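*Asks:* just to be clear, the model below is a prediction. Sequence and coordinates:
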Amino acid sequence: MTVVAQPDVTVIIGAYEAMPYLVECLASVERQTLDPARMEVIAVDDGSTDGTGEYLEEFAARAAMPVTVIRQENSGGPSGPRNVGLAKATGRYVFFLDADDRLGPEALERMVAMADKNSTDVVLGKVEGINRKAPESMWGKTVGRTDVFSSNIKFALSAQKLFRRELLERHSMRFDESLWTGEDALFTMEAYLRADGVSVVADHTCYYLVGRADGKHVTKSGSYTLRFDSARALINLIAEMVPAGARRDGLMVRPFKVTVLPQFGPKFLKDTDEVRKHKLELVKPLMDAHWNSEVARRLKVHERLQLHLVAVRRTELLPDVVEFLRAKKKPTPVLEKRGTRVYLGYPHFRSKAAGVPDWIYLAEPREARAVQGYREEAANTFLRRALRKLRRSLPTRDVKAAAA
């Protein structure tokens, strides 16, 4: 009897109306330097009518590695096909490859080697965008072992990672099929939080994120209500898995900055009064429960200002801020306390009518460093004293209310 070794990695491809992008996607799989005997492909055609299923079957017939093609009725989103593929996977690791994207050369070999060398459960490979923007802040250097609290990987929550399959099975992890957007963020954040270490391959492009010319990429679709569903799910996951404190506050930055904030930018100015009212209803419980001064200070001043106005329901002041940003104007810095304190003069700064607290405009060191005359060493001492004074003077509920 021939004993078939367990593959190192299962590449899971969910495909819907993926032609002609699928051609280059599969070619990138064939070009991998990982021995074909060490990998398998499970491709799920989610009810395509453009020849996607037929091309997958042609590929399966000629490919050097084992390829399983599953054809099913359309499920309406990426979660279903990914879950079907995950249920069939046998590799030590799984990698979720979108059918309109492509792998970089040597990607799988490098990521598997990184996971094996460092005994980590998740590996992020450097992503580059083709006709679309890709995340950038987490690719500063290759890191053998880190976690979601010690790095910027919370801003890379797409599903295109190498995951140790044993981790996923041990925790019965699957993509939430009730979410129509942001399902990958929920899945990946949970994996980060459960993982025994995360690796980052930053010195080699492992994944090319392709912008479709037809504009059908899933992240561009979906109404604002779906975005709030996504934000709510991610915020609830973080709250359930991470105790209250600095670590939780650091992670909460991600849903507020990436998912909530855009709903109150230029889009908000074009919304009808009815939509604006509905957005405020949807965001209120999220702000009431998890928006506080510690989350706020981790944001840039203009982001903090926008979300503060949302939290206190002063959205009539938002247009001035949004238009200021859209015009790419620079706020006038105001230095006080011998250069240790820098305020950025965005709209409504020290306006009695607006009544926005000064601390909303107070620049943290990462922004203040760009201001001539700022004294960082002395400012750090001032900021620590100011925060201690704020905490002593207000009960916990009032501190949160002040941040709101």
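*Replies:* Nice, thanks for sending it over. Numbering: from 1, shown residues only.
*Asks:* and stretch 333-341, which residues are buried?
*Replies:* Residues of stretch 333-341 classed as buried: 333-335, 339-341 (neighbour count, 16 or more other C-beta atoms under 10 Å). Glycine gets a C-beta too; all of them are placed from N, C-alpha and C.
*Asks:* same question for stretch 341-349.
*Replies:* 341-344, 346-349.
*Asks:* same question for stretch 306-324.
*Replies:* Buried residues in stretch 306-324, counting neighbours by 16+ other C-beta under 10 Å, are found at 306-312, 315, 317-318, 321-322, 324.
*Asks:* what about that stretch, how long is it end to end?
*Replies:* 12 Å (C-alpha to C-alpha, to the nearest Å).
*Asks:* what does that stretch contact?
*Replies:* Here stretch 306-324 makes contact (C-beta atoms under 8 Å, 6 or more residues apart in numbering) with 256, 260-261, 264-266, 268-269, 276, 280, 283, 287, 291, 296, 299, 302, 305, 331, 346-348, 354, 356, 360, 403-404.
*Asks:* one more: stretch 37-45?
*Replies:* 5, 7-16, 29, 32, 52-53, 56, 59-60, 63, 65-72, 81-82, 84-85, 88-91, 99, 108, 112.
*Asks:* of those, which belong to strands?
*Replies:* Within the contacts of stretch 37-45, residues falling in strands by DSSP state E are 9-15, 67-72.
*Asks:* report the buried members of the residues you listed.
*Replies:* Taking 16+ other C-beta under 10 Å as the criterion, what is buried in the ones in strands among the contacts of stretch 37-45 is 9-15, 67-71.
*Asks:* redo the residues you listed as TSV? Include distance to residue 239.
*Replies:* Below are those laid out as TSV (distance: C-beta to C-beta, whole Å):
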residue	distance to residue 239
9	33
10	32
11	33
12	29
13	33
14	29
15	35
67	41
68	38
69	40
70	36
71	39
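*Asks:* in JSON lines: the residues you listed, plus distance to residue 212 and pLDDT.
*Replies:* What follows is those, written out as JSON lines (distance: C-beta to C-beta, whole Å; pLDDT from 0 to 100):
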{"residue": "9", "distance to residue 212": "26", "pLDDT": "98"}
{"residue": "10", "distance to residue 212": "25", "pLDDT": "98"}
{"residue": "11", "distance to residue 212": "20", "pLDDT": "98"}
{"residue": "12", "distance to residue 212": "20", "pLDDT": "98"}
{"residue": "13", "distance to residue 212": "16", "pLDDT": "98"}
{"residue": "14", "distance to residue 212": "15", "pLDDT": "97"}
{"residue": "15", "distance to residue 212": "13", "pLDDT": "96"}
{"residue": "67", "distance to residue 212": "24", "pLDDT": "98"}
{"residue": "68", "distance to residue 212": "26", "pLDDT": "98"}
{"residue": "69", "distance to residue 212": "22", "pLDDT": "98"}
{"residue": "70", "distance to residue 212": "23", "pLDDT": "98"}
{"residue": "71", "distance to residue 212": "22", "pLDDT": "97"}
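*Asks:* which among the residues you listed gets closest to residue 147?
*Replies:* Among those, residue 9 lies closest to residue 147 (C-beta to C-beta), at 22.3 Å.
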